[in-house]
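# sharing a sequence plus its predicted fold:
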Amino acid sequence: ASAGETYGYRTYTTRDQAFYLWMEYPRCTYVAEEDGQILGSYYIKTNNEGPGAHVCNCGYMVSSAARGRGLATSMCEYSQAAALKLGYLAMQFNFVASSNEGAVRLWNKLGFETVGRLPRAFKHPTKGYVDALVMYKWLGD
């Protein structure tokens, strides 16, 4: 995330700000670790209150050392089961950089649909302004 290529967070986000965004604001935060090393993390939070409170939002991060090992797939699959246990019926990713092709491909493979496209909404550090996607999956029966 600090490279500014995949997340809508400022590259100069402080440790305290990151802690709040990832650990305090969400409803639940999970970590994947191996031998005491954190390899990845994700959060689940309510996307909107009121009539939309059955839709959750999740965000995932995988350390560069753990890429290519299927961790993002495992975390996303686990998060869907966790979301159902928390009472959510749908999951939405609000701001997926279209340039993050690996994530887009994975979310599609796991059943998420692109339901919206925000033209030039994400400022990639090397590719310039790229589209951001809104991706959605109904989890209920």
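Structure's in. What do you need? The structure displayed is predicted, hence computed values, not measured ones. Numbering: from 1, shown residues only.
# hey, where'd the strands end up in the chain?
28-34, 37-46, 55-62, 90-97, 113-124, 128-138 (DSSP state E).
# Leu106: which of these is closest?
For the strands of the chain, the distance to Leu106 is smallest for strand 55-62, at 9.4 Å, taking Cβ to Cβ. C-beta coordinates here come from the backbone N, C-alpha and C atoms, glycine included.
# let me see the mean pLDDT of that closest one.
Taken as a whole, strand 55-62 has an average pLDDT of 94.
# picking up where we left off before, any chance of CSV for the strands of the chain, columns distance to Tyr78?
Formatted as CSV, the strands of the chain follow (distance: least, Cβ to Cβ, whole Å):
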stretch, distance to Tyr78
strand 28-34, 7
strand 37-46, 8
strand 55-62, 10
strand 90-97, 12
strand 113-124, 20
strand 128-138, 14
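# now render those strands as TSV, adding distance to Trp107 and mean neighbour count.
TSV is the format used below for these (distance: least, Cβ to Cβ, whole Å; neighbours: other Cβ atoms under 10 Å):
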stretch	distance to Trp107	mean neighbour count
strand 28-34	18	14
strand 37-46	13	17
strand 55-62	10	21
strand 90-97	7	20
strand 113-124	9	14
strand 128-138	5	17
